[in-house]
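In: This is a predicted model, with the sequence first.
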Amino acid sequence: MKSFTGRVTAPRRRQIERSLERAARHAPLEWRLVVPIDPTPAEERWFNSLGGKYQFECSWYGRTWLDNNLARHADIYRYYTQGAHEEAIELLRELSRESAAMARGVPDAVDRMKALSNRLNHLDPHYSFGISIDKEGTAAVTVWPKYVGAERDQPLKIDGLFQFPNNIEGKASAKAFQEALDYGAPAVVHAENIKHLAFSLPAGLGGTFNSGEIHIGPPAGLDLPEYRMQLRVIDENGRTKAQLPLQGKTTGIGKRGADATFTDVTGSVQGRIRADAKDLTLQTRFRFELPEDALPGTILPALHFIEQCKPPNSLVLLIEDREAAPPIKIESPAYKDVGRLLSLVRALDEVQRATGVFFPLPVELTDDEVIDIQLAQKLLAGEVVNDTWSSMTLNSTAGALPSLKASVNRGPNQIMVEAELSLNIAGQTIPLGQTRRVLPNAIVAEWPEIDEDADTDTPIEIEFRPGTDNSATIVLLSEKKPRKR
């Protein structure tokens, strides 16, 4: 930008050439010369020849361009050339008078506040203003930047003197205040820590204050950036062992860097990131917590990720599918014994998907329920399950007893029983289907006594116990197709 009001003479051309040379060192995509004059044909030929030496586009923005843009942004023209700054201050004084009147019940309060706000917004080119009145008649003015970079063109300045005591509470308050400045973290500075405070704000807002407290944090209603993230675990060879999709959101931006939070879709993995632009470092912390009323299948990705967070693996953070920092070496397991929990949740998920009986992951399971889940997983996968047994009762009739005795008295017998099998887990009945149980070595514990005049259809119970081998096998005979594990 040059403030030439006359023609572009030889000395002025050399100024432009030097400016363009300096800009070219930064490899720009485009370079613009803004001057309050339109070029003559000779000046235009010279400028085009100058720009032809570079790979990027060079453009001349002159008087016509400036007039057109000032017409579209009349607030800029009024603010800097027609005393709009003083008019804005007078409007805010008027707001003070309006708030006093509204406390007495002015019926058109809302319309009047809108009119004042609209007038302010047409006067200041850098900031927009919102005006509100509470039930006590106190007026509040909220300020937003009109465009990206407005705070650089017209800074909001704060001059303060703060004093924190040299104790635990004071040091914590001082640290929170510094982090608020550095990273935009929320903080409160209490009145006892404020010795002097002065604000320089647009449209005459601001002043000097010796009491009150400061609340620092993101502006209310401001939409901070959100983005897709992933946490990836890689082994020593760089192979991916686990990857968890996340949703991230910036929570604060300060002079040194920014803070962000992230969570997975279930809310079981939550964490925060601190990006330090000064040290070029990225700190990542996260925690895992089983969510309430979650189906086993929904938390498997998070559990698998947590189980892989162990040495010698490394952690990689990706933001919008790009690595945000070099891999971080994992020094110790994120959580101990998570492998057992992962196996159990995976087994329960497979059982639920195979049977169609879905229910949330129970808060607690008994040892017997854990064994039943593992048994159901194997049976539904088509496996022959090895088991043990201690006793079994066989239902028969009095008429069949003689032939049973003849068969059993020849020695230990193999017994094969087919029956429907259902399991009860956390109060939920899970039908598995028809099973076959084979007991290779069974003997009768004691034969039942039958009256001589008993009818042949009289029901009897025969109790068996293992002989020299208490092993058993179980297999699922249902029509469900076995799934490969």
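Out: Nice, thanks for sending it over. Numbers count the residues shown, from 1 in each chain.

In: For the stretch 1-150 of the chain, just list every one of the strands.
Out: 30-34, 57-61, 127-133, 139-145 (DSSP state E, counting those that start in this stretch).

In: and the angle for the third one with strand 139-145?
Out: Spelled out, it's strand 127-133. 160 degrees (axes from the mean of the first three to the mean of the last three C-alpha atoms, to 10 degrees).

In: Tell me the spacing between Pro11 and Lys2.
Out: Relative to Lys2, Pro11 is positioned 12 Å away (C-beta to C-beta, to the nearest Å). (Each C-beta comes from the backbone N, C-alpha and C, glycine too.)

In: which of the two has more neighbours?
Out: Set Pro11 next to Lys2 and count neighbours by other C-beta atoms under 10 Å: Lys2 wins out with 14 against 7.

In: show me the contacts for the more buried one.
Out: Lys2 sits next to 12, 15-16, 19, 33-35 when contact means C-beta atoms under 8 Å, 6 or more residues apart in numbering.

In: could you pull out the helices for the stretch 251-400 of the chain?
Out: Ranges of helices in the stretch 251-400 of the chain, per DSSP state H, counting those that start in this stretch, are 296-308, 338-355, 367-380.

In: Could you list the low-pLDDT ranges of this structure?
Out: Counting by pLDDT under 70, the chain shows low-confidence ranges at 74-113, 115-117, 119-120, 123, 133, 137-139, 203-204, 219-222, 410-412, 478-485.

In: care to break it down by domain?
Out: If you go by automatic domain parsing, the domain ranges for the chain are 10-72, 77-150, 156-216, 226-336, 355-476.

In: Put together CSV for those, with distance to Ala347 on each row.
Out: Formatted as CSV, the domains of the chain follow (distance: least, C-beta to C-beta, whole Å):
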stretch, distance to Ala347
domain 10-72, 57
domain 77-150, 53
domain 156-216, 43
domain 226-336, 9
domain 355-476, 4
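
In: Ser343: which of these is closest?
Out: The minimum distance between Ser343 and the domains of the chain falls on domain 355-476, with 8.5 Å, by C-beta to C-beta.

In: first vs last residue of the closest one, how far apart are they?
Out: Taking C-alpha to C-alpha, to the nearest Å, domain 355-476 runs 13 Å from one end to the other.

In: Run the chain-centre distance for that domain.
Out: 50 Å (C-alpha atoms, centre = their mean, to the nearest Å).

In: And stretch 32-43, by the same measure?
Out: In terms of C-alpha atoms, centre = their mean, the centre of stretch 32-43 is found 51 Å from the chain centre.

In: cool, stretch 234-250 as well?
Out: Here stretch 234-250 is found 14 Å from its chain centre; the criterion is C-alpha atoms, centre = their mean.

In: Show me what it is in contact with.
Out: Here stretch 234-250 has contacts from 224-233, 258-265, 269, 273, 301-302, 304-305, 307-309, 312-314, 316, 319, 327, using C-beta under 8 Å, 6+ apart.

In: Please identify the deepest-packed of the helices of the stretch 251-400 of the chain.
Out: Each of the helices of the stretch 251-400 of the chain was scored by mean neighbour count; the highest is helix 296-308, a mean of 21, by mean count of other C-beta atoms under 10 Å.

In: what is the orientation angle of it with helix 338-355?
Out: 160 degrees.

In: Just the C-alphas of helix 296-308, formatted as CSV.
Out: Backbone C-alpha positions of helix 296-308 (Å, rounded to 0.1, in the frame of the first residue of the first chain) are rendered in CSV as follows:
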residue,chain,number,x,y,z
PRO,A,296,-21.0,-54.4,24.3
GLY,A,297,-20.4,-53.9,20.6
THR,A,298,-20.4,-50.1,20.8
ILE,A,299,-17.5,-50.0,23.3
LEU,A,300,-15.3,-52.6,21.6
PRO,A,301,-13.4,-50.1,19.5
ALA,A,302,-12.4,-48.0,22.5
LEU,A,303,-11.5,-51.1,24.6
HIS,A,304,-9.3,-52.5,21.8
PHE,A,305,-7.6,-49.1,21.5
ILE,A,306,-6.9,-48.9,25.2
GLU,A,307,-5.6,-52.5,25.3
GLN,A,308,-3.0,-51.6,22.6
